[in-house]
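> Here's a sequence, model it:
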Amino acid sequence: MNIAVYNEQADLPIRPVRVKQLVRFVLKEKKVTCTELAIYFVTQKEIAALHAQFFNDPTPTDCITFPMDKEFLGEIFVCPQAALTYDPKDPQRETALYIIHGILHLLGYDDQTPKLRAQMQREQNRLLKKWSTSL
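The predicted structure is shown next:
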């Protein structure tokens, strides 16, 4: 499986090896196979521009996903600055949560209603906890 990691920001150090390990862990937990996935770590300015262009909302956000198909699962854009703002004590953990959240979106999870959001949050928290205890 090819997991492409592109770091286009300097707000938070990113370790591509750890990112790839996390992606593989989540996909294995969810029993999903694919040949490719791309993750981009971008600045707050860039994520706001993507949010405006594709979702008609110019505000910055933590992550945006673009699902593709079963082979190329899709692209995840993550803003580490959001993690630094939301959880300055452990922005790496928060960034891992954004990656998990993005993968779940690519797998069809939705957070547009309170019920769906609660389901997604339970699953991402379960995965993050399991990932954290496996280290």
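
> which non-adjacent residue is nearest His105?
Among residues not flanking His105 along the chain, Thr65 sits closest, at 4.1 Å (C-beta to C-beta, 6 or more residues apart in numbering). All C-beta atoms are positioned from the backbone trio N, CA, C, and that covers glycine.

> same question for the helix or strand containing that neighbour, mean pLDDT?
Assigned by DSSP states H and E, Thr65 belongs to strand 63-67. Regarding strand 63-67, the rounded mean pLDDT is 97.

> give me the number of residues near the nearest residue to Gln121 once chain neighbours are set aside?
Closest residue to Gln121 apart from its sequence neighbours, by C-beta to C-beta, 6+ apart: Asp111 at 7.7 Å. By the measure other C-beta atoms under 10 Å, the count of residues near Asp111 is 16.

> Which stretches in the protein count as strands?
2-7, 36-41, 63-67, 72-78 (DSSP state E).

> Those strands into TSV, with extra columns for mean neighbour count and distance to Glu29?
Output for the strands of the chain, formatted as TSV (neighbours: other C-beta atoms under 10 Å; distance: least, C-beta to C-beta, whole Å):
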stretch	mean neighbour count	distance to Glu29
strand 2-7	15	15
strand 36-41	22	15
strand 63-67	18	18
strand 72-78	22	14
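
> There's contact between the residue nearest to His105 and Leu73 in this structure, I believe.
No. Using C-beta atoms under 8 Å, Thr65 is not in contact with Leu73; the gap is 9.5 Å.

> which neighbours do these two share?
Leu106 (C-beta atoms under 8 Å, 6 or more residues apart in numbering).

> Between strand 36-41 and the strand holding Thr65, find me the angle.
Counting by axes from the mean of the first three to the mean of the last three C-alpha atoms, to 10 degrees, strand 63-67 lies at 160 degrees to strand 36-41.

> Who does Asn7 form a beta bridge with?
According to DSSP bridges, the partner residues bridging Asn7 are Phe41.

> Nearest to Arg18 among the strands of the chain would be which one?
Closest to Arg18 of the strands of the chain is strand 2-7 (C-beta to C-beta; 9.5 Å).

> which helices and strands sit right next to the closest one?
For strand 2-7, the elements it packs on are helix 16-29, strand 36-41, judged by 3 or more C-beta pairs under 8 Å, 6 or more residues apart in numbering; DSSP states H and E.
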